[in-house]
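**Q** A predicted structure for the sequence below; I have some questions about it.
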Amino acid sequence: MNIEEYISSGVLESYVLGELSESEIQEVEQMSAKYPEIKEEIIQIELSLEKLAFKTAVEPNADVKEKLLAAIEEEETPVIAMKPESSSSWMRYAASVSILVAVSASILAYTYYNNWKNTEAQLTSLIAQNQQIASDYNVVNQRLDKIENDFNVVSSSAFSKVTMKGTDNAPDALADIYWNADTKEVYLSIQNLRELSQEQQFQLWAIIDGQPVDAGTFNLTDGLLKMKNIAGAAAFAVTIEPKGGSINPSLETMQVVGNV
Amino acid sequence: MVLCLFNIISKKRMSKSKQGILDQDQLVQRLKARDKSALSYLYDNYSAAIYGAISRIINDEDVAEEVLQDAFMKYWDKIGSYDDSKGRLFTWMLNLARNLSIDKLRSKEIKKTKKTDDISTNVYNVENENLIYQNEESIGVKDLMKNLREEERKIVEMVYFKGYTQSEIADETGIPLGTVKTRLRMALKNLRSVLGVG
């Protein structure tokens, strides 16, 4: 062990101030017995603190000495009954200190246990919130992607817009088709269509060479709906069909129609 | 060794201690032999230094004097357990007085506030600034402290004038314990030449 390092760690000051544990005290005393320079250093520290104490001395009132000497006289008066009395009062004191320590420890333990429990509950709740926020974020992100895509379709010059107006069946009905003739992509935008029963669905038809061709079924929804790819359509129309769609359109149920 | 201490005790003390100049070994021997004149001598020569240490921790004069009396009772009762191979008599006395003071302060604080938790915080709510600086003024400790750097001074004040342990200082100030220890060490080292030690 490096003696200089040991001395400069301040362990000897702690030793002199009585701040070390029993095992640390033993270590210092072993070192001190082994190395004279450590012993010397301890004495120097003791002398420094001693001189400081005398420099900062405060004179107590004169009657303290009298009381002290009187108390010692009294203590040494051989009264047999006094001894167990004083030892039991010491025991009572020790017991009350023990109880105090135990109560303090229990209160602290209980407080910390509660704090720990609260913290744990808060953590669980924060983790749940965090998951909720992440999931909300994903939903919003998907919606944003869709809106961006819709916006690109609507604003693109590659898509031509076909307005389908209401038939006599539904004069107020209205829907738009965005059709890219090159890529054959078809998007449907519902402006106004009526509510259907659970068993029914709308079906989009493209009129190609005078024949209706299925372009997909759909329900009422916001935003653009991607339909089946269509090439060379002359017109688009929407009918009401049983759920799942039909092979041939029920023309009597036609809601909207529009020419390209 | 006790002789050099006399230089810094008041003249009044000097006249009292003329009844006989004892070195530490003789004093301890006589105390261990239950010689009451040795106790009287111990009191005359050490009570002010010990009382200074107590009164820096305990604000209330009556309580501080009560602790001083308890301390000397302890010295008298426990002198048998003092081992001169393990340190100077005064170090033993000072640490005993410091511990009594801190115990007393704690018990008083508990009674006063009826609190059983957070004892250590309550203990140090009682600050003794006025007394400290008053003492510093009157006996030139302020000049003494001028020899220290600010961070060293702070540690010395907390240990010496307020009765903190170094671990408590570390907790209170957030300064790492190792740093507290080295600062106290440097401070005491710097004070040595001023105090005429070594």
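**A** Perfect, I can see it now. Residues are numbered from 1 along each chain as shown, chains lettered A, B, ... in the order given.

**Q** What's the separation between the residue in chain A that chain B sits nearest to and A:Thr56?
**A** Nearest residue of chain A to chain B: A:Gly10, at 2.9 Å (CB to the nearest CB). (Glycine included, C-beta is placed from N, CA and C.) Look at A:Gly10 and A:Thr56: by CB to CB, to the nearest Å, they are 22 Å apart.

**Q** what's around A:Glu5, how many residues?
**A** Residues near A:Glu5, counting by other CB atoms under 10 Å in any protein chain shown, number 8.

**Q** Could I get the phi/psi values of it?
**A** For A:Glu5, the backbone dihedrals (degrees, to the nearest 10) come out as phi -60, psi -40.

**Q** Show the pLDDT at it.
**A** pLDDT for A:Glu5: 88.

**Q** Show me where the stretch 1-150 of chain A has its helices.
**A** Counting by DSSP state H, counting those that start in this stretch, the segments of the stretch 1-150 of chain A that form helices are A:3-8, A:11-16, A:22-34, A:36-55, A:63-76, A:82-155.

**Q** Lowest mean pLDDT across those helices, which one is that?
**A** helix A:82-155 (a mean of 84).

**Q** Please compute how far the helix or strand following that one lies from its chain's middle.
**A** Counting by DSSP states H and E, the next helix or strand C-terminal to helix A:82-155 is strand A:160-166. Remark: strand A:160-166 is offset 50 Å from the chain centroid, using CA atoms, centre = their mean, to the nearest Å.

**Q** Also stretch A:95-111?
**A** Worked out by CA atoms, centre = their mean, stretch A:95-111 lies 35 Å from the chain centre.

**Q** got the buried residues for that stretch?
**A** A:Ser104 (16 or more other CB atoms under 10 Å in any protein chain shown).

**Q** How about stretch A:247-255?
**A** Result for stretch A:247-255 [16+ other CB under 10 Å]: buried residues A:Pro249, A:Thr253, A:Met254, A:Gln255.

**Q** Stretch A:53-64 too?
**A** Under 16+ other CB under 10 Å, the buried positions of stretch A:53-64 are A:Ala53, A:Phe54, A:Lys55, A:Thr56, A:Ala57, A:Val58, A:Pro60, A:Val64.

**Q** Chain B next: which of the residues you listed are close?
**A** Among these, the ones lying near chain B by CB under 8 Å from any CB of the partner chain are A:Ala53, A:Phe54, A:Lys55, A:Thr56, A:Ala57, A:Val58, A:Pro60, A:Val64.

**Q** Contacts only, for A:Thr253.
**A** A:Asn169, A:Thr239, A:Ile240, A:Glu241 (CB atoms under 8 Å, 6 or more residues apart in numbering or on different chains).

**Q** Can you tell me which of those has the most neighbours?
**A** Of the contacts of A:Thr253, with other CB under 10 Å as the count, A:Thr239 tops at 24 neighbours.

**Q** and that one, helix, strand or coil?
**A** Three-state assignment for A:Thr239 (DSSP: H, G, I helix; E, B strand; the rest coil): strand.

**Q** show me the contacts for it.
**A** A:Phe202, A:Gln203, A:Trp205, A:Ser246, A:Pro249, A:Ser250, A:Leu251, A:Thr253, A:Met254, A:Gln255.

**Q** For the fifth one, give me phi and psi.
**A** In this case it means A:Pro249. The phi/psi pair for A:Pro249 (degrees, to the nearest 10) is phi -70, psi 150.

**Q** Hmm, it is touching A:Gln203, no?
**A** Yes. Here A:Pro249 lies in contact with A:Gln203, judged by CB atoms under 8 Å, at a distance of 6.8 Å.

**Q** Find residues that contact each of the two.
**A** Residues touching both A:Pro249 and A:Gln203 by CB under 8 Å, 6+ apart: A:Thr239, A:Glu241.

**Q** returning to what we had before: specify which member of the contacts of A:Thr239 is nearest to B:Lys86.
**A** Nearest to B:Lys86 among these is A:Phe202, at 99.6 Å by CB to CB.

**Q** Neighbours of the closest one, how many?
**A** 24.

**Q** hang on, it packs against A:Thr217?
**A** Yes. Here A:Phe202 reaches A:Thr217: they are 6.6 Å apart, a contact under CB under 8 Å.

**Q** intersection of neighbour lists for the two?
**A** A:Glu241.

**Q** State the number of residues packed around residue 159.
**A** Using chain A. If you count neighbours by other CB under 10 Å, A:Phe159 ends up with 20.

**Q** other chain: chain B
**A** 23.

**Q** Isn't it up against A:Leu17?
**A** Yes. The pair B:Val159 and A:Leu17 qualifies as a contact (CB under 8 Å) at a distance of 6.9 Å.

**Q** which residues are in contact with both of the two?
**A** Joint contacts of B:Val159 and A:Leu17 (CB under 8 Å, 6+ apart) are B:Thr165, B:Gln166.

**Q** and chain B, what are its domains?
**A** Split into domains by automatic domain parsing, chain B comes to B:21-119, B:127-198.

**Q** And residue 172, which helix or strand is it part of?
**A** You didn't pick a chain, so chain A it is. For A:Asp172, there is no enclosing helix or strand under DSSP H and E.

**Q** hmm, I had chain B in mind actually
**A** Using DSSP H and E, B:Glu172 falls in helix B:166-173.

**Q** Contact partners for the residue in chain B positioned nearest to chain A?
**A** In chain B, the residue that lies nearest chain A is B:Lys181 (2.9 Å; CB to the nearest CB). Going by CB under 8 Å, 6+ apart, B:Lys181 touches A:Ser9, A:Gly10, A:Val11, A:Glu13, A:Ser14, B:Gln166.

**Q** what's the answer for B:Glu152, then?
**A** Shown in contact with B:Glu152 (CB under 8 Å, 6+ apart): B:Arg183, B:Leu184, B:Met186, B:Ala187, B:Asn190.

**Q** got the domain boundaries for chain A?
**A** Split by automatic domain parsing, chain A gives A:3-58, A:80-155, A:160-259.

**Q** pLDDT (mean, whole number) over the longest one?
**A** Within the predicted structure, the mean pLDDT of domain A:160-259 is 92.
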